[in-house]
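Q: Sequence plus the predicted model coming up.
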Amino acid sequence: MKRILFVCTGNICRSPTAEGIARHVARARRLEDRFEFDSAGTYDYHAGEAPDSRARTAAKRRGYDLSALRARQVETADFHRFDLILAMDRGHLTWLAHRCPPELRERLHLFLDFVPGHAGEEVLDPYYGGGAGFEHVLDLCEAAVDVLLKQ
């Protein structure tokens, strides 16, 4: 089983969107027994909270349900538990690399590194923007999840 952790800042916009899409697509493709997904934030600002209402609404319009997800912060055990730890931006990747045991750093990547034509790109935080930002996050997450589940 491949275990994948999606990471953003507060675990209320980007990373839970990626997790929700990954769970939905894996279920639709009957791959639930091959993957485990979770998400977390680099900070605990929103620990225990549901994803941002704008993220939930945008996801729901596309058929994804994020309502059961709850924010949490990355824990030391996550570096050992997950095979892939996917950061939404370089700041998250740096934060993770500073805390990850050196022998496990090969598990850390930018989320979009697996998407042809998007390697090195970041999923920008839609939190302070409008609805278009949440739609763009969904577009990027759908593309990346599609590639991840084919590997």
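A: Arrived safely.
Q: so where's the longest helix in the protein?
A: helix 131-150 (DSSP state H).
Q: neighbouring contacts of it?
A: Helix 131-150 is contacted from outside by 4, 13-14, 17-18, 21-22, 25-26, 29, 31, 35, 54-55, 57-59, 62, 64, 84, 86, 111-112, 114-116, 118, 123-126, using CB atoms under 8 Å, 6 or more residues apart in numbering. For glycine as for every other residue, the C-beta is placed from the backbone atoms N, C-alpha and C.
Q: what's the spacing between A77 and P101?
A: Here the distance between A77 and P101 works out to 11 Å (CB to CB, to the nearest Å).
Q: likewise K150?
A: Applying CB to CB to K150 and P101 gives a distance of 29 Å.
Q: And for R70?
A: In terms of CB to CB, R70 sits 26 Å off from P101.
Q: so what's Q73 up against?
A: N11, A40, G41, T42, Y43, D44, A47.
Q: And R27, its phi and psi?
A: Dihedral pair for R27: phi -60, psi -40, per degrees, to the nearest 10.
Q: Return the per-residue confidence for it.
A: On pLDDT, R27 comes in at 98.
Q: With the one 10 residues further on instead?
A: In this model, F37 is scored at 99, pLDDT.
Q: Tell me how many other residues crowd it.
A: By other CB atoms under 10 Å, 21 other residues sit near F37.
Q: same thing with D44?
A: Neighbour number of D44 under other CB under 10 Å is 14.
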